[in-house]
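Return atomic coordinates for the entry below.
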Amino acid sequence: MIGGISVTQLLILLVIVALVFGTKRLRNIGSDLGSAVKGFRKGIEDEPEDKEPEKITTAEKTSATPQDKEEKTTATRPTDV
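Numbering: from 1, shown residues only. Below is the predicted model:
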């Protein structure tokens, strides 16, 4: 018994899923899921662990001018002339 589900209930569920989706589609889903898990594990293992985060220099911290944004001011006119 796994989490309140008996073995016979799991077998009945498996038969229903096989009838609804078909064995060919279930096989394709299983292989796709397996390759996705393998790719995910490979992606995690390939990432270098000794990579240090980028450090911000003190000049960038104290700079008061915006780096990439252009400040725009809008002037309003009175509507009643």
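
and residue 21, how many neighbours?
For residue 21, the neighbour count with other Cβ atoms under 10 Å is 13. All C-beta atoms are positioned from the backbone trio N, CA, C, and that covers glycine.

Excluding sequence neighbours, find me the nearest residue to it.
residue 29 (7.6 Å; Cβ to Cβ, 6 or more residues apart in numbering).

any idea how far residue 8 is from residue 45?
40 Å (Cβ to Cβ, to the nearest Å).

max-length helix in the chain?
helix 23-46 (DSSP state H).

Which elements pack onto that one?
helix 7-21 (3 or more Cβ pairs under 8 Å, 6 or more residues apart in numbering; DSSP states H and E).

ok and the helix it packs on relative to helix 23-46, angle-wise?
100 degrees (axes from the mean of the first three to the mean of the last three Cα atoms, to 10 degrees).

avg pLDDT for helix 7-21?
In this model, helix 7-21 has a mean pLDDT of 92.

Could you pull out the buried residues of that helix?
Across helix 7-21, burial judged by 16 or more other Cβ atoms under 10 Å covers no residue at all.

Convert the C-alpha atoms of that helix to PDB, please.
Extracted in PDB, the C-alpha atoms of helix 7-21 (Å, rounded to 0.1, in the frame of the first residue of the first chain):
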ATOM      1  CA  VAL A   7      -1.700  -2.700  -5.600                       C
ATOM      2  CA  THR A   8      -5.000  -3.700  -7.200                       C
ATOM      3  CA  GLN A   9      -6.100  -0.100  -7.500                       C
ATOM      4  CA  LEU A  10      -2.800   0.700  -9.200                       C
ATOM      5  CA  LEU A  11      -3.200  -2.100 -11.700                       C
ATOM      6  CA  ILE A  12      -6.800  -1.000 -12.600                       C
ATOM      7  CA  LEU A  13      -5.500   2.600 -13.100                       C
ATOM      8  CA  LEU A  14      -2.700   1.300 -15.300                       C
ATOM      9  CA  VAL A  15      -5.200  -0.600 -17.500                       C
ATOM     10  CA  ILE A  16      -7.500   2.400 -17.800                       C
ATOM     11  CA  VAL A  17      -4.500   4.700 -18.800                       C
ATOM     12  CA  ALA A  18      -3.300   2.100 -21.300                       C
ATOM     13  CA  LEU A  19      -6.800   1.900 -22.900                       C
ATOM     14  CA  VAL A  20      -7.200   5.700 -23.100                       C
ATOM     15  CA  PHE A  21      -3.800   6.600 -24.400                       C
END
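
I appreciate the help and will end here.
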